[in-house]
Each structure stands twice: as structure tokens, then as C-alpha cells.
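*Asks:* I would like to see how this sequence folds:
(2 chains)
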Amino acid sequence: DQQVKQNSPSLSVQEGRISILNCDYTNSMFDYFLWYKKYPAEGPTFLISISSIKDKNEDGRFTVFLNKSAKHLSLHIVPSQPGDSAVYFCAASGGGYQKVTFGTGTKLQVIP
Amino acid sequence: SAVISQKPSRDICQRGTSLTIQCQVDSQVTMMFWYRQQPGQSLTLIATANQGSEATYESGFVIDKFPISRPNLTFSTLTVSNMSPEDSSIYLCSVLGTGRGGVNTEAFFGQGTRLTVV
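*Replies:* Down below sits the predicted model:
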């Protein structure tokens, strides 16, 4: 039972354009959502998060949008840079000490 | 934030043998989490390691296969026992910490252990 789904295993974008990574979840108890970036041979690193009481959170080139009614969130990267090429994981939790559930990841390639 | 040191970073092991992975955190934490990432798959939680009590295992994972130790608040080990090629995966140690979203809202990870079983 995959509670957090990333339906696109890969995405290619030209440098300078927008990258949009999508994520869907099924558990309505999730109230905190995170995006992680992972380079090969490294552990995932936190990128940006959003609480369920918000519908948008922005941090520099990265913006996360949350649509609770659709149980959908997306990560926008503008402008995309070659250094953004990595695997991006969407994750969700019930907050606090509850475990974090991860999606399957989307491999982003930004083409110079 | 939390700094997590995990070792070994990679290993190639014979089937039927066991490997113990170590995880050291630079601060005291109540819970430590062990994940597995199989090729092309998501990060799957194996178990939660609590200091002073037995680990809590997720569905599909058992203590005999993945024994965990948690001797203190900064250290844990995960053993992959009686390995088979299906155990080839990246194993990751993680803790919850205070991130930009507040207390215990962000998961911090070690660099992972890439295990290949031949």
C-alpha cells in the first residue's frame, strides 16, 4: 500500500526553465509534507516542507504547493539549474514523533 | 540539525553471512529510524530503535532478520542477517530533528550503506 506516490520516475528540463515535480497521497491523517533531494552515494537532504494549514511555501527557487482536497502536492523549481539534477523524494508524516512515509522518487535531469 | 555518521559506506558480502551497520548521531535523540531503499524503490522504514526498549518493526520486517541495538541515545546498529541477493540495497539511518518547520519536523539522514550480496 503506497501511501505517498510519485507517478513520474523521471523528468528532464532545460536549464533556466521550470521543473514541476508531483506527488499524491492517500492518508488523510498526514498533516506535514516534505521534499528531499538525494544525490548518488549520499543520504537524502531536506529541501522544503509545508504544513497542512498552508497551501504554499516558498524558499528561494523552490516552492511547494499543497492541494488538500485533491491530496496532491507539487514542487516547483524556478529557474532550474544543472546542480538541481538529483532524485527528489516527496514525504509525509502525521507530525511530531510519527514516522515519515516516502514516495518512490523522481529523477530530475536539468540539461545545460 | 543533526549530523549522522554511518558506516560502512558500502560492502560486498557473501550470501549467508551477516553485516552490522553502525549509526552515530552528534546529539542525543529518543528515536532512531532504519530505512531501506531497494533499487528503483522508495525509502521503506524497517524499524524504529528506542533506547532502553526493543525496536519496533514495520510490517514485513522481523527481528531475527534485522536485529537492532540501541545501547545509548547517540548510537544504534542494524544487522542484516543470513543475507541473500534480495537484501542488496541502500540502508539508511535517520533521526527526527528540529527543522525549519519546528520541533521534530525534519528527518536527517546518514550517508547510507550500499550493500551488495553476491
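*Asks:* so residue A:86 makes contact with residue A:108?
*Replies:* Yes - counting by CB atoms under 8 Å, residue A:86 does reach residue A:108; the two are 6.2 Å apart. C-beta: built from backbone N, CA, C; applies to glycine.
*Asks:* now the residue nearest the centre of chain B: which helix or strand?
*Replies:* For chain B, the residue sitting closest to the mean C-alpha position, by CA atoms, centre = their mean, is residue B:34 at 2.8 Å. Element membership for residue B:34, per DSSP states H and E: strand B:31-37.
*Asks:* give me the sheet partners of that strand and which way each runs.
*Replies:* strand B:43-50 (antiparallel), strand B:89-99 (antiparallel) (DSSP bridges).
*Asks:* centre of the chain versus it, how much separation?
*Replies:* Averaging C-alpha positions (CA atoms, centre = their mean, to the nearest Å) puts strand B:31-37 4 Å from its chain's average.
*Asks:* likewise stretch B:30-43?
*Replies:* How far stretch B:30-43 lies from its chain's middle: 7 Å, per CA atoms, centre = their mean.
*Asks:* same deal with stretch B:110-118?
*Replies:* 11 Å.
*Asks:* quick one: is that stretch near chain A?
*Replies:* Yes - using CB under 8 Å from any CB of the partner chain, stretch B:110-118 reaches chain A at B:110-112, B:114.
*Asks:* over to stretch B:69-80?
*Replies:* No - using CB under 8 Å from any CB, stretch B:69-80 stays clear of chain A, coming no nearer than 14.3 Å.
*Asks:* what mean pLDDT does that stretch get?
*Replies:* For stretch B:69-80, mean pLDDT is 95.
*Asks:* in it, what's buried?
*Replies:* B:70, B:74-78, B:80 (16 or more other CB atoms under 10 Å in any protein chain shown).
*Asks:* tell me the buried residues in stretch A:77-92?
*Replies:* For stretch A:77-92, burial by neighbour count (16+ other CB under 10 Å) applies to A:77, A:80, A:84-92.
*Asks:* list the residues that contact residue 22.
*Replies:* Here I'm looking at chain A. A:6-8, A:72-74, A:106 (CB atoms under 8 Å, 6 or more residues apart in numbering or on different chains).
*Asks:* nope, chain B please
*Replies:* B:6-7, B:75-77.
*Asks:* nearest spatial neighbour of the residue of chain A found nearest chain B, skipping sequence neighbours?
*Replies:* Using CB to the nearest CB, residue A:43 is the residue of chain A that sits closest to chain B, at 3.3 Å. Among residues not flanking residue A:43 along the chain, residue B:109 sits closest, at 3.3 Å (CB to CB, 6 or more residues apart in numbering or on different chains).
*Asks:* burial measure for the one you found, as a count.
*Replies:* Other residues near residue B:109 come to 23 when the count uses other CB atoms under 10 Å in any protein chain shown.
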